[in-house]
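>>> The following comprises the amino acid sequence and a computationally predicted model.
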Amino acid sequence: MIPLLIALHVATIVLWIGGVAFVTIIIFPLIGRMSDSFDAVMLFQGVEHRFARHAKLYVAISGITGFLALYLEGLQGLLFTARGIGITIMLIAWTFYLLVLIFEKKAFKKIFGKPEKFDVKKVFTGLGIFHWFVLGLSMLAVLAGVWQGHAEHF
C-alpha cells in the first residue's frame with residue numbers, strides 16, 4: 001500500500017509543479033511581451049482560472065497522500081528535526097501553497113479589482129517574480145524529498 005501511496009503522491013507533485021513551471025517559464029514571459037494590457041490580463045486569468053482548479057486538487061491529493069505515507073511509515077517524529085529536514089521542507093512548501101490557494105481570490109481581487117489604478121507591466125513583473133520564488137521553493141521541496149527518501153543509501 002505504501003509504494004502505491006507514494007507513487008500517487010509523486011505523480012500528483014509532478015503535475016502540480018509541472019503546471020507551476022509552465023506558468024512561470026512560458027506564460028509569464030509571453031504575457032510580458034504582449035503589448036495589449038487587456039489581452040495580457042485575459043490570458044493570465046484564463047490560464048490561472050483553469051490551473052487553479054487543478055492546483056487545488058493536486059494540493060489536496062498530495063497533502064492527503066503525504067500525511068498518510070508519513071503516518072504509515074511512522075516518520076512523523078522526524079518533522080522539524082535535523083534528520084527530517086527533507087520532510088520538513090516538503091511540509092513547509094505544501095503549507096505555503098495551501099495558504100496561497102486559500103487567499104488567492106482575495107489577492108487577485110486586490111490586484112485586479114481596480115484596473116484603472118494598476119500598471120499591468122508592473123503587476124505581471126511582480127507576479128512573475130513571485131512565481132519564480134514559488135517554483136524555487138517547489139524545486140527545493142522536490143530535492144529535499146528525493147534526498148530524504150534516499151539519504152540512508154548514501
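Structure received.

>>> helix/strand/coil for the residue most central in space within the chain?
With distances taken as Cα atoms, centre = their mean, Tyr97 lies nearest the centre of the chain, 5.2 Å away. At Tyr97, secondary structure determined by DSSP: H, G, I helix; E, B strand; the rest coil is helix.

>>> Could you list which residues are in contact with it?
The neighbours of Tyr97, taking Cβ atoms under 8 Å, 6 or more residues apart in numbering as the test, are Trp16, Ala55, Val59, Val134. C-beta coordinates here come from the backbone N, C-alpha and C atoms, glycine included.

>>> pLDDT and distance to Leu4 for those - can I get that in a markdown table?
What follows is the contacts of Tyr97, written out as a markdown table (pLDDT from 0 to 100; distance: Cβ to Cβ, whole Å):
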| residue | pLDDT | distance to Leu4 |
| --- | --- | --- |
| Trp16 | 94 | 19 |
| Ala55 | 93 | 23 |
| Val59 | 95 | 20 |
| Val134 | 94 | 28 |
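
>>> In strands, which of these fall?
Among the contacts of Tyr97, none falls in strands (DSSP state E).

>>> picking up where we left off before, what's the separation between the residue nearest to the centre of the chain and Leu137?
With distances taken as Cβ to Cβ, to the nearest Å, Tyr97 is found 9 Å from Leu137.

>>> Now do the helices in this structure.
Under the criterion DSSP state H, the chain contains helices at 2-22, 28-32, 37-72, 85-112, 120-150.

>>> and Leu78, which of those helices is closest to it?
Judged by Cβ to Cβ, the one of the helices of the chain that comes nearest to Leu78 is helix 85-112, at 5.6 Å.

>>> Go through that closest one and flag the buried ones.
Under the neighbour-count criterion of 16 or more other Cβ atoms under 10 Å, helix 85-112 has Ile85, Gly86, Ile87, Thr88, Ile89, Met90, Leu91, Ala93, Trp94, Tyr97, Phe108 buried.

>>> Which residue comes closest to the first one once chain neighbours are left out?
Read that as Ile85. Spatial nearest neighbour of Ile85, excluding adjacent residues (Cβ to Cβ, 6 or more residues apart in numbering): Ala144 at 6.7 Å.

>>> I figured the one you found was touching Gly86, is that so?
Yes. With contact defined as Cβ atoms under 8 Å, Ala144 reaches Gly86; the gap is 3.9 Å.
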